[in-house]
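Enquirer: Have a look at this prediction, sequence included:
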Amino acid sequence: MSLVLENIVLPLAEFELRVNLKLDALVTGLTGPSGAGKTSLLELIAGVRRPSRGGITLDGVPLANAASRSFLAPEKRRVGYVPQDLALFPHLNVLANLRYGGSEPKLLEKVVEVLELPTLTRRPIASLSGGEKQRVALGRALLAAPRILLLDEPLSNIDDRLKEKILPYLQRVRHEFQVPMIYVTHSKAELGALCDEVLTMEMGQISGSLRLT
């Protein structure tokens, strides 16, 4: 995987996001203070936002280019995005939420197995715990057969006991699917357990980089 963000500029409320990056690690951690622009960066890659300057390519495929005004629609990017609010559909059960990502039988079977979801497939979303909802959102993103997976603080809204249960699922996803990820978190433990490289963002710019493997 090669993700290139070249001379990206995106005006935000308090500053401009300015990024010039090439990412090729399997799992890249992204950390930094709240409000530093981490979510906005993921939204640029996912196609929720458009850069005012610069371009983004994924494995040589242009996702956005401000100069040429080209923009690949989010649903055509093969980018799996799990936002902080998970964006699950409350009127659908677990299986229907998963199939919204994709319904290829073998991949669906593998996702359900790896994330240990067989007993949950017929349950309504409202009946799930926070950790179960995280697993469903992650499974839905994986079923889109993404070229890259964007996880925005996936463990931030659950307690420490549940974090200890969910982290092994994320490690299994890394091992079983080998999907490149950008993983946003404030937790040093999560960064150390999952990431090959860690980037620090402050005021819309990358202020540090640390290779872990």
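Expert: Noted; the coordinates are in hand.

Enquirer: neighbouring contacts of the longest helix anywhere in the chain?
Expert: When the chain is scanned for its longest helix (criterion: DSSP state H), the result is helix 160-177. Helix 160-177 is contacted from outside by 26-27, 110, 114-116, 129-131, 134-135, 138, 142, 149, 151, 154-155, 158, 179, 181, 183, 190, 193-194, using C-beta atoms under 8 Å, 6 or more residues apart in numbering. Placement of C-beta: from N, CA and C, glycine included.

Enquirer: Quick check: helices, which of those residues are part of them?
Expert: Reading helices off those with DSSP H, I get 110, 114, 130, 131, 134, 135, 138, 142, 190, 193, 194.

Enquirer: Any chance of the residues you listed in TSV with pLDDT as columns?
Expert: Formatted as TSV, the ones in helices among the contacts of helix 160-177 follow (pLDDT from 0 to 100):
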residue	pLDDT
110	94
114	92
130	87
131	87
134	90
135	92
138	93
142	94
190	93
193	93
194	95
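
Enquirer: And the helix or strand bottoming out on mean pLDDT in the chain, how far out from the chain middle?
Expert: Every helix and strand in the chain was compared by mean pLDDT, DSSP states H and E; the lowest is helix 160-177, with a mean of 87. Centroid separation for helix 160-177 versus its chain: 14 Å, with C-alpha atoms, centre = their mean, to the nearest Å.

Enquirer: Run through the residues that contact the spatially most central residue of the chain.
Expert: Closest to where the C-alpha atoms of the chain average out (C-alpha atoms, centre = their mean) is residue 150, at 1.3 Å. Residue 150 makes contact with 42, 45, 46, 79, 80, 81, 82, 181, 182 under the criterion C-beta under 8 Å, 6+ apart.

Enquirer: So the fourth one sits against residue 47, correct?
Expert: In other words, residue 79. Yes. Using C-beta atoms under 8 Å, residue 79 makes contact with residue 47 at a distance of 7.0 Å.

Enquirer: quick one, which of the two is more surrounded?
Expert: Each of residue 79 and residue 47 has its neighbours counted (other C-beta atoms under 10 Å); residue 79 has more, 23 against 19.
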